[in-house]
Every structure is written in C-alpha cells, then in structure tokens.
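1. with the input below, show me the fold.
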Amino acid sequence: MESIKKIRTDEIKKYAGDLKVGEKVLLSGYVYTSRDAAHKRIKSLIDSGEKLPFDLEGAVIYYAGPTPAKDGQPIGSCGPTTSGRMDKFAPEFLDLGLAAMIGKGERSKEVCDAVVRNGAVYFCAIGGAGALAAKCIKSCEVIAFEDLGCESVKRLYIEDFPLIVANDCNGGDIFLEGRNKYCKL
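-> Next comes the predicted model:
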C-alpha cells in the first residue's frame, strides 16, 4: 500500500527537501486563497511597500475562488483553479518566502526554478472535486479585498486536504516526467 505523508502547513519548509514528485500528501493548517485579481493587488502592495494582507514568509496559497457557504458550512465548493494564470506573480512571491502553492495544471519554467531556488513546493489538488475538497475546510475568513467576492483573499483552516506533489524543490516536475514516461514518440 502506498504511503501518504501527513504534513502541517507550518512545517512545509522543514520537510520540502524530503517531498518528491508524485507523492501523496494530506495537508493540515492555514492556507490563503488567492487568484488573478487578488494576486494583482498583492503585487501592487509589494511594489508600493505597503503591508500585505498576510505574511508571505512560510505561507501557502491555494489558487481557488470558493463559492458561498451553505447553511452550517464554513465554505461552499472550493476546487483549484488553473495555476498558470498566476505564473507571472509566483516567482516573486516565492522569493519573498512563500512556502507552497496549491492549484491545478503545469507551471512555467520560471516558477519551477523559483520553487527549487526557494526550497518550496507546488501541490496539485484534484480538479472538478470542489465539493469534496470543501469537506476538508474547517473554517473560512475573508481577510482582504472583500469587494472581489469569490476572489477575495480568504484564510482557510484545512484538515487532511488531499494533494499530490507536482513540483518539488529538487527540480522534479510531474508534468515533464509524465510526458517522458507516457508520451514517447
């Protein structure tokens, strides 16, 4: 039986060197949702030297725009969005201390290089399973850019959120390795 690593968000930097492409992880702790519009505002705050809505050092960003919560639930459906749209921001965020990103899809060479350079990790979440992902989210609080609605920055507390290591800090890339393994021409 394949093992699944249980990791806390505040321990990612400590264990990043041990994580390998394709490994399954159950992640618990605090993550911040942020997508295109929020990334743009965060970048603007960085450029102007203003205080960020959360400290990037050691943080985990989940590329998601959750739907409104139903009665008695902390959040609605909360599946990953395509990570590539944040690639123009990710290297700088990683250089400022971001520990990990969660999303879906392949990343640019610049992002992969920044993951290695900073001892970080990129996790893929299961796309199309937002309602299932929401079951791992125990709390949700809007912390910035409320006017962006579902794209506001939210602080989530997650428990045993299922992920796969897609890019590790040793240069492993699940997308490249998959193509090399299964798409030989």
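2. would you map the helices across the chain?
-> With DSSP state H, the ranges of helices along the chain come out as 12-15, 36-47, 90-95, 109-118, 130-134, 174-182.
3. tell me the pLDDT of the nearest residue to E177 once chain neighbours are set aside.
-> Of all residues not flanking E177 in the chain, V21 sits nearest, at 6.1 Å (C-beta to C-beta, 6 or more residues apart in numbering). (C-beta placed from N, C-alpha, C; glycine too.) Confidence at V21, expressed as pLDDT, is 95.
4. what does the one 10 residues further on give?
-> What the model reports for V31 is a pLDDT of 98.
5. report the separation between it and N170.
-> 23 Å (C-beta to C-beta, to the nearest Å).
6. which one of these two is surrounded by more residues?
-> Neighbours per residue (other C-beta atoms under 10 Å) separate V31 from N170, with V31 holding more: 23 against 14.
7. before we move on, back to that, the residue nearest to E177 contacts F175, correct?
-> No - applying C-beta atoms under 8 Å, one finds V21 not in contact with F175, separated by 9.3 Å.
8. looking at the two, which is more packed in?
-> Neighbours were counted for V21 and for F175 using other C-beta under 10 Å; V21 has more, 20 against 15.
9. so what's that one up against?
-> Contacts for V21 (C-beta atoms under 8 Å, 6 or more residues apart in numbering) come out as V165, A166, N167, D168, G172, D173, I174, E177.
10. so which of these is the most crowded?
-> Neighbour-wise, the contacts of V21 (other C-beta under 10 Å) top out at N167, 29 neighbours.
11. measure that one to C140 for me?
-> With C-beta to C-beta as the criterion, N167 and C140 are 27 Å apart.
12. buried sites along the biggest strand by length in the chain?
-> Counting residues, the longest strand found in the chain (DSSP state E) is strand 153-167. Buried residues in strand 153-167, counted by 16 or more other C-beta atoms under 10 Å: V153, K154, R155, L156, Y157, I158, F161, P162, L163, V165, A166, N167.
13. report the separation between the residue nearest to E177 and V165.
-> Remark: distance between V21 and V165 (C-beta to C-beta) = 5 Å.
14. list the contacts of stretch 128-135.
-> 64, 66-67, 73, 75-80, 125-126, 161.
15. swap in stretch 45-64?
-> Counting by C-beta under 8 Å, 6+ apart, 9-10, 12-13, 27, 29-35, 42, 78-83, 85-86, 92-93, 96-104, 125, 130, 143-145, 153, 155-156 sit against stretch 45-64.
16. average pLDDT across that stretch?
-> Mean predicted lDDT for stretch 45-64 stands at 97.
17. so for it, what gets flagged as buried?
-> Buried residues in stretch 45-64, counting neighbours by 16+ other C-beta under 10 Å, are found at P53, F54, L56, A59, V60, I61, Y62, Y63, A64.
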